[in-house]
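J.: let me see the structure of the following:
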Amino acid sequence: MDPYAVDRVRQVIARITATLTMLEGQQGELADDVLGRVEGAGAVVAAAREFEQTLRDELRAAEHLVHTIGSESGKHMLETQAIDYENSQRISRYEPC
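T.: Sure, this is the predicted structure:
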């Protein structure tokens with residue numbers, strides 16, 4: 001998640017909390033309801049962060065897999081080219097018995 005967006009969410013939550021503190025003396029039930037919603041929003045943000053981390057982990061794993069496949073493919077391609085060259089030059093890899 002963008003650090004700026006996280007900071008912005010924190011600022012909004014801080015302002016809401018300050019407003020709730022002010023409202024608490026006036027209307028306790030409303031403040032509790034809004035505070036509950038803010039806490040729920042905090043849980044949603046936490047879940048979003050966890051989801052983002054999971055996506056990043058999966059992306060890293062996929063990048064590693066693609067790198068491994070590319071590396072192995074390159075090795076096989078070089079081996080195939082070497083065999084093609086040997087065949088064109090009539091070079092045998094095996095010693096005659």
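J.: neighbours around T17, how many?
T.: By the measure other CB atoms under 10 Å, the count of residues near T17 is 13. Using the backbone N, CA and C atoms, a C-beta is placed for each residue, glycine as well.
J.: which residue packs closest to it, ignoring adjacent ones?
T.: In this structure, T17 finds its nearest non-sequential neighbour in V38, 6.8 Å apart by CB to CB, 6 or more residues apart in numbering.
J.: what about that neighbour, which helix or strand?
T.: Element membership of V38 [criterion: DSSP states H and E] is helix 28-88.
J.: who are the packing partners of that helix?
T.: helix 3-26 (3 or more CB pairs under 8 Å, 6 or more residues apart in numbering; DSSP states H and E).
J.: got the angle for the helix it packs on vs helix 28-88?
T.: Helix 3-26 and helix 28-88 are oriented at 170 degrees to each other (axes from the mean of the first three to the mean of the last three CA atoms, to 10 degrees).
J.: render the CA-only coordinates of helix 3-26 in CSV, please.
T.: Extracted in CSV, the C-alpha atoms of helix 3-26 (Å, rounded to 0.1, in the frame of the first residue of the first chain):
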residue,chain,number,x,y,z
PRO,A,3,2.9,5.0,2.3
TYR,A,4,1.1,8.3,1.6
ALA,A,5,-2.3,6.6,1.5
VAL,A,6,-1.5,4.9,4.9
ASP,A,7,-0.5,8.2,6.4
ARG,A,8,-3.6,9.9,5.0
VAL,A,9,-5.9,7.1,6.5
ARG,A,10,-4.1,7.6,9.9
GLN,A,11,-4.8,11.4,9.7
VAL,A,12,-8.5,10.8,8.9
ILE,A,13,-8.8,8.3,11.8
ALA,A,14,-7.1,10.8,14.2
ARG,A,15,-9.5,13.6,13.2
ILE,A,16,-12.5,11.2,13.6
THR,A,17,-11.2,10.1,17.0
ALA,A,18,-10.8,13.8,18.1
THR,A,19,-14.3,14.5,16.9
LEU,A,20,-15.6,11.5,18.8
THR,A,21,-13.9,12.6,21.9
MET,A,22,-15.7,16.0,21.6
LEU,A,23,-19.0,14.3,20.9
GLU,A,24,-18.7,11.8,23.7
GLY,A,25,-19.7,14.4,26.2
GLN,A,26,-22.7,15.4,24.1
